[in-house]
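Participant: Got a sequence here, can you build the structure:
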Amino acid sequence: MANRLPSVIFLSVLGFSLGVSLTPYLWWGSAALFLSLPLFVLSYPLAAALIASFVKKGVVRGIFPRDTNHPMYFKRRVYGICWTCVYYFKPIYFAWLSIPLLKKILFRSFGYKGHMSFTIYPDTWIRDLPLLNFGKGAYISNRATLGTNVCLMDNNITVNQITVGEGSIVGHLAMIAPAVTIGNRSEVGVGSILGFFTVVSDDVRIGGNVLIDHRVFLGAKSSVGTGAKIGRGAIIGENIKIAAAAIIPAGVKISTQAEADLYTPKTLHFPEIAKHLAETSTVIMN
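Facilitator: Numbers count the residues shown, from 1 in each chain. Coordinates of the predicted model:
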């Protein structure tokens with residue numbers, strides 16, 4: 001042990017000397033690292049938004065071939081890459097959503113034109129910000145999907161806008177198709193699905209796990225109970241209450257509560273239903 005003591009002392013002195021001599025450099029390095037993090041958090045989304053600004057005019061309604069040789073789809077593709085680079089970088093995206101000024105800069109930079117006083121979460125699926133329109137106080141729950149674009153089997157993509165009105169709520173895991181309009185102070189329940197070109201008027205309540213097919217119209221102050229299904233092109237009048245688990249056939253127009261009650265599962269009246277279908281059903285076009 002005695003023979004090793006000089007070596008231990010020498011290494012200790014050397015280590016102390018190196019520590020003292022490198023301290024200024026370590027301090028500057030730590031300071032640079034400390035400053036680089038917020039700079040990266042700020043610059044990363046801005047760089048993506050800058051690139052997207054050159055192509056965001058390509059984010060428009062229509063049906064386009066999924067081919068980058070097509071000029072509109074090429075712009076969509078570049079825009080989508082820029083947006084998803086931010087969206088999937090969750091810590092940075094969350095930081096920008098948490099600060100109102102940064103949230104405004106981010107959304108405006110990617111082409112959003114609607115009201116900025118809305119709530120959204122990092123795992124709420126959104127894209128095509130120029131085609132989104134949120135009213136004041138709109139609440140879009142986590143893991144909801146606002147599908148402004150849908151891929152088709154013929155290798156095309158259909159793109160359209162989505163509107164969520166003032167004070168309205170889109171529930172957890174809800175799925176909204178392109179061209180859907182949700183009015184003011186309305187609610188789409190947990191896990192519910194709204195098909196293409198569906199219109200939800202003001203003060204409507206849609207329960208959980210409701211399936212609403214394409215081109216459905218729900219009148220003001222109407223409601224749809226949990227687990228109900230409304231067929232394509234059905235028209236539900238104002239103040240009509242559709243019972244839980246009810247099945248409304250395609251193309252039916254319901255103008256009175258008595259007509260709606262025909263489809264209540266516990267009180268099904270098949271002769272009356274057949275008569276009502278014959279009188280009110282319309283041919284549904286795709």
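Participant: and stretch 257-272, average pLDDT?
Facilitator: The average pLDDT for stretch 257-272 rounds to 78.
Participant: cool, and stretch 207-216?
Facilitator: For stretch 207-216, the mean pLDDT works out to 97.
Participant: in it, what's buried?
Facilitator: 207-216 (16 or more other CB atoms under 10 Å). Every residue, glycine included, has its C-beta placed from N, CA and C.
Participant: now the end-to-end length of that stretch.
Facilitator: 16 Å (CA to CA, to the nearest Å).
Participant: what sits up against it?
Facilitator: Here stretch 207-216 makes contact (CB atoms under 8 Å, 6 or more residues apart in numbering) with 171, 177, 189-199, 206, 218, 223-236, 244, 250, 284.
Participant: List the ones among those that fall in strands.
Facilitator: 193-194, 199, 206, 218, 223-224, 229-230, 235-236 (DSSP state E).
Participant: Helix, strand, or coil at A49?
Facilitator: Here A49 is recorded as helix under DSSP: H, G, I helix; E, B strand; the rest coil.
Participant: Could I get the pLDDT score of the nearest residue to it once chain neighbours are set aside?
Facilitator: Nearest residue to A49, sequence neighbours excluded (CB to CB, 6 or more residues apart in numbering): S109, at 3.5 Å. pLDDT recorded at S109 is 95.
Participant: again with L42
Facilitator: 88.
Participant: and the next element down the chain from the helix or strand containing it?
Facilitator: Using DSSP states H and E, L42 sits in helix 5-53. Where DSSP H and E defines the elements, the next helix or strand beyond helix 5-53 is strand 62-65.
Participant: V150: neighbouring residues, count only.
Facilitator: Neighbourhood size, V150 [other CB atoms under 10 Å]: 13.
Participant: Contact partners for it?
Facilitator: By CB under 8 Å, 6+ apart, the contact set of V150 is 157-158, 177-178.
Participant: What of N149?
Facilitator: Here N149 is in contact with 76, 127-128, 157-159, 178 (CB under 8 Å, 6+ apart).
Participant: per-residue confidence at P24?
Facilitator: For P24, pLDDT reads 57.
Participant: What subset of the contacts of stretch 207-216 is buried?
Facilitator: 171, 177, 189-199, 206, 218, 223-236, 244, 250.
Participant: mind checking how far P265 is from T84?
Facilitator: 43 Å (CB to CB, to the nearest Å).
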